[in-house]
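Chemist: fold the following and give me the result.
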Amino acid sequence: MIEWVVGGVLAAVILWVILTFNGLVRLKNRVQNAWQQIDVQLKRRHDLIPNLVNAVRGAMQFERDTLERVIAARTPGEAGAAEGELTAAVGRLFALMENYPDLKSNRNVLQLQEELTSTENRVGFARQLYNDLVVQFNTRQEVFPANLLAARMGFRAADYFQAEAAARAVPTVDLTLR
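Modeler: Numbering: from 1, shown residues only. Got it, this is the predicted structure:
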């Protein structure tokens, strides 16, 4: 009789370990997939921006400063910092474009602006999904009794995608001729 009880408890513990491990693996993979979705949208964003800048460049010859900042913001670096700078630069570019009637009526510029705006929304949704999954994954590792096994099984907390200060700043637009 005691063997059955010990066997039942042992089987329950083994089943719990397997279910905990598999649940953590599923969440880890979902977090990684969500990061890849952000990466896809950022790649799309990085492909669209040069096209928009080139379309705008001809109509705004004197506004080099903002265009140079948009281009410079594409340099590699930490994802959050680089993307924060790029978000701020794109915001400045959109604000400048509003003040140029020729640009507002240029179909190519409008189409590129619409695609970039759509991509910005996709990036935002992908970041939100990623951070939501990070919360689930990290919480699952921290709650009892899974916390007894998570670190021993090699699971580590995932990092959140955080906007840098540049992305939070209100864009300033200077339309003075230089």
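
Chemist: longest helix of the protein?
Modeler: helix 2-57 (DSSP state H).

Chemist: give the helix, strand or coil label for Phe161.
Modeler: Recorded secondary structure, Phe161: coil (DSSP: H, G, I helix; E, B strand; the rest coil).

Chemist: who's in contact with Gly8?
Modeler: By C-beta atoms under 8 Å, 6 or more residues apart in numbering, the contact list for Gly8 is empty. The way it works is simple: take the backbone N, C-alpha and C, and place the C-beta from them, glycine included.

Chemist: where does this structure dip in pLDDT?
Modeler: Within the chain, the segments meeting pLDDT under 70 span 55-86, 89, 92, 96-97, 99-106, 163-178.

Chemist: what about 80?
Modeler: For the chain, residues meeting the criterion pLDDT under 80 lie at 46, 48-113, 162-178.

Chemist: in what helix or strand does Ala157 lie?
Modeler: Following DSSP states H and E, there is no helix or strand that holds Ala157.

Chemist: what count of nearby residues applies to it?
Modeler: 13 (other C-beta atoms under 10 Å).

Chemist: is it in contact with Asn138, as I believe?
Modeler: Yes - Ala157 is within contact range of Asn138, at 4.7 Å (criterion: C-beta atoms under 8 Å).

Chemist: hey, what's in contact with both of those two?
Modeler: In contact with both Ala157 and Asn138: no residue, using C-beta under 8 Å, 6+ apart.

Chemist: so who does Val31 touch?
Modeler: Contacts of Val31 (C-beta under 8 Å, 6+ apart): 130, 133-134, 137, 158.

Chemist: now, those residues that are in helices?
Modeler: Among the contacts of Val31, DSSP H puts 130, 133-134, 137 in helices.

Chemist: of the residues you listed - the most surrounded one?
Modeler: Result: Phe137 is most packed of the ones in helices among the contacts of Val31 (other C-beta under 10 Å), 25 neighbours.

Chemist: count of neighbours near the nearest residue to that residue once chain neighbours are set aside?
Modeler: Distances taken as C-beta to C-beta, 6 or more residues apart in numbering put Leu27 closest to Phe137, at 4.2 Å, once the chain neighbours are dropped. Residues contacting Leu27 under the criterion other C-beta under 10 Å number 20.

Chemist: what of Val6?
Modeler: Using other C-beta under 10 Å, Val6 is surrounded by 10 other residues.

Chemist: look up how far Ala12 lies from it.
Modeler: 11 Å (C-beta to C-beta, to the nearest Å).

Chemist: and for Val40?
Modeler: Val40 is 42 Å from Ala12, by C-beta to C-beta.
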